[in-house]
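Undergrad: Below: sequence and its predicted model.
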Amino acid sequence: MFPDLDRLVDALPTGQAGLRLRGTAGLAGLLDPGSTIASVAAGVLGPNARPVRAILFDKSPGTNWSLAWHQDRTIAVRQRIDTPDFGPWSTKRGLQHVEPPFGLIERMVTVRIHIDDVPEDNAPLLVAPGSHRLGRIAEDRIEAAVAACGVATCLADRGDIWLYATPILHASAAGHHLHRRVLQADYSRDELPGQLEWLGI
């Protein structure tokens with residue numbers, strides 16, 4: 001496990017389904033290039049991989065939810081600057097998000113660091129293997145894509161790191177009686193066009 005991650009998480013607010021992190025003390029040391037976690041992303045993207053978004057998911061008996069099958073399609077940016085092929089725009093917990101051309105999402109990877117054990121009965125991530133190669137999947141085609149690709153269950157022990165292609169179809173059930181905290185970080189090696197800037201961590 002990563003002691004610095006324990007200290008970081010212990011200092012954060014609890015009871016939030018998805019806490020978007022930026023400027024959090026100790027986060028850069030965990031995720032920036034040169035760190036153990038960043039090296040996992042760099043193994044796929046190369047040395048220019050850098051964290052562009054971080055979210056803490058905290059399922060517990062008091063804060064619980066299920067997640068339907070979907071693709072991650074948005075990125076977080078510093079401010080809204082209308083740019084060709086970027087949109088629609090949205091605001092999530094006060095942070096500006098936009099859907100970029102899907103090719104950018106296809107060149108990203110997502111890293112999940114498990115702060116708690118995730119056995120079969122603790123809402124493990126479900127993925128549809130190979131679905132990241134199908135491009136942007138229309139909402140009415142997601143069920144068929146999952147049926148064609150099948151489902152893999154991502155069990156984990158505390159301290160395990162899972163890496164997957166950002167556009168892969170994924171889902172999870174509601175938790176049960178256990179705590180299930182996961183730090184998720186998106187990595188990219190791309191620069192954004194024009195004056196758009198990644199929000200970063």
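TA: Noted; the coordinates are in hand. Residues are numbered from 1 along each chain as shown.
Undergrad: what is the residue nearest the centre of the chain paired to in the beta sheet?
TA: Residue closest to the average C-alpha location in the chain (C-alpha atoms, centre = their mean): residue 184, at 4.5 Å. Following DSSP bridges, residue 184 is listed with bridge partners residue 55, residue 112.
Undergrad: and it, what does it touch?
TA: Taking C-beta atoms under 8 Å, 6 or more residues apart in numbering, we find residue 184 in contact with 54, 55, 56, 57, 110, 111, 112, 113. All C-beta atoms are positioned from the backbone trio N, CA, C, and that covers glycine.
Undergrad: can you rerun that using 10 Å?
TA: 18, 21, 53-57, 72, 110-113, 125, 162 (C-beta atoms under 10 Å, 6 or more residues apart in numbering).
Undergrad: cool, and residue 59?
TA: Going by C-beta under 10 Å, 6+ apart, residue 59 touches 17, 65-67, 116, 118, 122-123, 172-176, 178-182.
Undergrad: Next, find the distance separating it from residue 112.
TA: With distances taken as C-beta to C-beta, to the nearest Å, residue 59 is found 13 Å from residue 112.
Undergrad: Show me the common contact partners of the two, please.
TA: Common neighbours of residue 59 and residue 112, counting by C-beta under 10 Å, 6+ apart, are 118, 182.
Undergrad: Now do the strands in the protein.
TA: Here the chain has its strands, by DSSP state E, at 18-21, 50-59, 67-70, 75-76, 89-92, 95-98, 109-114, 125-127, 152-154, 161-165, 170-172, 180-188.
Undergrad: for the record, mean pLDDT for the first one?
TA: The average pLDDT for strand 18-21 rounds to 86.
Undergrad: partners of it, with directions?
TA: strand 50-59 (antiparallel).
Undergrad: distance of residue 51 from residue 129?
TA: 25 Å.
Undergrad: Please disregard the earlier target; I meant residue 147.
TA: Look at residue 147 and residue 129: by C-beta to C-beta, they are 13 Å apart.
Undergrad: before we move on, back to that, can you redo the contacts of residue 184 as a markdown table with neighbour count and distance to residue 194?
TA: Formatted as a markdown table, those follow (neighbours: other C-beta atoms under 10 Å; distance: C-beta to C-beta, whole Å):
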| residue | neighbour count | distance to residue 194 |
| --- | --- | --- |
| 18 | 13 | 28 |
| 21 | 18 | 26 |
| 53 | 25 | 20 |
| 54 | 24 | 24 |
| 55 | 19 | 26 |
| 56 | 24 | 31 |
| 57 | 21 | 32 |
| 72 | 16 | 23 |
| 110 | 20 | 25 |
| 111 | 22 | 28 |
| 112 | 19 | 31 |
| 113 | 25 | 33 |
| 125 | 22 | 34 |
| 162 | 19 | 33 |
